[in-house]
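> got a predicted structure plus its sequence, pasted below:
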Amino acid sequence: MTVLVGLEAVVLVLLCLLVAGLLRSHATILRRLHELDAGLDAEVAPRRGGASRAPRPQIPAPGGRRATAPAHDVVGVGLDEEAVAVRVVGAPTDTLLVFLSSGCSTCGAYWEALGDPRLALPGDARLLVIVRDVNEEHPALVQELAPAGVQVLHATTAWNDYEVPGSPYVVLVDGEAGRLRGEGTAATLEQVLSMLGRASDDGAHRARLDARRGDKAAADATREATVDDELLAAGVRPGDPSLYRPVDEEVGG
Amino acid sequence: MRLAGHGLAIDLPARWEGTIGRRPADPGAAEAAVGPRRIAAALAEEQLLPVAHLGTFALPADRGDFGSGAVDLMGADDVFLALVEYGPECAGSALFARRERLPQLERGQFGAARLQRVQKGQAGAQVFCTVGERAFCIYAVLGAAGRVARLAPEVNAVLAATEVEPR
């Protein structure tokens, strides 16, 4: 009897160990699946307010920059060796800067997407693809990859100005404000654009709320001034005892 | 923002952007030999001549030397400026008079009849000169002829800010 009870106890312990192992394995699989689907890089996520939830970032984001960091104009060299200066700060439209290279595997999908005429850019943003300088790139390969009608510039300075951590990387600039609207990276350009679109929507929503708050504050100030004027016109000055009379006394006459 | 290349350097005022590229000295021959995006790579240096396009609006990728494809996109407050260099045989000729610097444009030089490509409401001006033994055509387009008093000074500010490296 004692032997049987002992055997049962051993089997029970083994079963418990098996269940614990299975649960741990299950948790690992779930975590991996989550990362593959829409995993969030802890370094990227909290960085930029509305634009922070980048789907599966490939590269670490530049640290310490705020969502409204100042933008920079872009000066570089075009595919036909022309000198190019593009006005980004103060431009009447937003500019979408897509930082790519000819060698990175993820960039392939971006180059392809940029050539798709159905590609929808946020708002009426101007598109600008930026690769590194000619001496750091393969100009012939860039020439082959560049879709017709898309402006491509060799401009390492822009990579430095925008603290681009690697490619692919996308930055959306608010032209009139001269500040960044959002930035990030993902497996596909469409994912990034979706993310930036949400960030833009969030930004617009915040601007509307701020405007409403401003309207309310202005209305309060106007109302206060009107009441003050009416009281002064009636001879009621600051500190007048009638201002501190209990309401029921006033009603009672 | 400073734009420099191919012997030209321009400190662009606010609002302006631009490119300094090169065009084939013989466009017909180049068109037969190469595609439009590989001109610089396919032709020898002596077969290429600089051309600068400057504007207060987003310049499209495909433009003619005198702004076709770009001037169609201008607003009433916009300005387009082209500096088109000609071959050394033109330098100092009667049409391309020698100057110390690129000349300023007078308001009276602008008119609809001076447009290379007529667009309703726009005004153009075209002058020729030689600076540093390099022959140039300066071609400017204003988005609205009625705003010449305000827009012509913008053109002149860019011309004044342009340095030509002598040949």
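Nice, thanks for sending it over.
> alpha carbons only for contacts and neighbour counts from here, please
Fine.
> quick one: the strands in the stretch 1-150 of chain A?
A:74-78, A:83-86, A:95-99, A:126-131 (DSSP state E, counting those that start in this stretch).
> what do you get for chain B?
B:2-5, B:8-11, B:17-24, B:48-55, B:79-86, B:98-99, B:123-131, B:134-142, B:162-164 (DSSP state E).
> with distance to residue B:115 added, can I get those in TSV?
Shown next, in TSV, are those (distance: least, C-alpha to C-alpha, whole Å):
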stretch	distance to residue B:115
strand B:2-5	26
strand B:8-11	24
strand B:17-24	20
strand B:48-55	16
strand B:79-86	12
strand B:98-99	24
strand B:123-131	5
strand B:134-142	7
strand B:162-164	23
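> so for residue B:107, which of those strands sits nearest?
strand B:123-131 (9.0 Å; C-alpha to C-alpha).
> state the mean pLDDT of that closest one.
Average pLDDT, strand B:123-131: 97.
> what do you get for stretch B:14-24?
94.
> output the set of residues of chain A in proximity to chain B.
A:73, A:75, A:79-87, A:90-91, A:149-151 (C-alpha under 8 Å from any C-alpha of the partner chain).
> just give the number of residues close to residue B:44.
10 (other C-alpha atoms under 10 Å in any protein chain shown).
> any chance of the strands of the stretch 1-150 of chain A in a markdown table, with mean pLDDT too?
Converted to a markdown table, these look like this (pLDDT from 0 to 100):
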| stretch | mean pLDDT |
| --- | --- |
| strand A:74-78 | 97 |
| strand A:83-86 | 97 |
| strand A:95-99 | 97 |
| strand A:126-131 | 96 |
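> dump these into TSV; add mean neighbour count as well.
As requested, those are exported to TSV (neighbours: other C-alpha atoms under 10 Å in any protein chain shown):
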stretch	mean neighbour count
strand A:74-78	25
strand A:83-86	24
strand A:95-99	25
strand A:126-131	21
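> so which residues of chain A form helices?
Counting by DSSP state H, chain A has helices at residues A:2-38, A:107-114, A:139-145, A:156-161, A:189-233, A:247-252.
> which one of those has the lowest average pLDDT?
For the helices of chain A, where the average pLDDT is lowest is helix A:247-252, sitting at a mean of 56.
> so where is chain B shaky, pLDDT-wise?
B:27-42 (pLDDT under 70).
> how about the longest helix along it and chain A, touching?
Counting residues, the longest helix found in chain B (DSSP H) is helix B:148-160. No - judged by C-alpha under 8 Å from any C-alpha, helix B:148-160 stays clear of chain A, getting no closer than 13.9 Å.
> span of stretch B:115-126 from start to end?
8 Å (C-alpha to C-alpha, to the nearest Å).
> give me the contacts around it.
B:66, B:68, B:71-72, B:76, B:105, B:109-114, B:137-146 (C-alpha atoms under 8 Å, 6 or more residues apart in numbering or on different chains).
> make it 6 Å
Contact with stretch B:115-126 is made by B:109-112, B:114, B:138-145, as judged by C-alpha atoms under 6 Å, 6 or more residues apart in numbering or on different chains.
> those also near chain A: which ones?
For chain A, no contacts are drawn from those by C-alpha under 6 Å from any C-alpha of the partner chain.
> need those residues in JSON lines (columns: distance to residue B:48 and neighbour count).
Shown next, in JSON lines, are the contacts of stretch B:115-126 (distance: C-alpha to C-alpha, whole Å; neighbours: other C-alpha atoms under 10 Å in any protein chain shown):
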{"residue": "B:109", "distance to residue B:48": "29", "neighbour count": "14"}
{"residue": "B:110", "distance to residue B:48": "29", "neighbour count": "21"}
{"residue": "B:111", "distance to residue B:48": "31", "neighbour count": "18"}
{"residue": "B:112", "distance to residue B:48": "31", "neighbour count": "19"}
{"residue": "B:114", "distance to residue B:48": "26", "neighbour count": "17"}
{"residue": "B:138", "distance to residue B:48": "18", "neighbour count": "22"}
{"residue": "B:139", "distance to residue B:48": "19", "neighbour count": "23"}
{"residue": "B:140", "distance to residue B:48": "22", "neighbour count": "28"}
{"residue": "B:141", "distance to residue B:48": "25", "neighbour count": "33"}
{"residue": "B:142", "distance to residue B:48": "28", "neighbour count": "31"}
{"residue": "B:143", "distance to residue B:48": "30", "neighbour count": "24"}
{"residue": "B:144", "distance to residue B:48": "33", "neighbour count": "21"}
{"residue": "B:145", "distance to residue B:48": "34", "neighbour count": "19"}
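> burial measure for residue B:161, as a count.
Neighbour number of residue B:161 under other C-alpha under 10 Å is 17.
> ugh, wrong one, I meant residue B:149
When neighbours are counted by other C-alpha under 10 Å, residue B:149 comes out with 12.
> what is the burial count for the closest residue to it other than its chain neighbours?
With sequence-adjacent residues excluded and distances taken as C-alpha to C-alpha, 6 or more residues apart in numbering or on different chains, residue B:149 is closest to residue B:107, at 6.9 Å. Here the number of neighbours of residue B:107 (other C-alpha under 10 Å) works out to 14.
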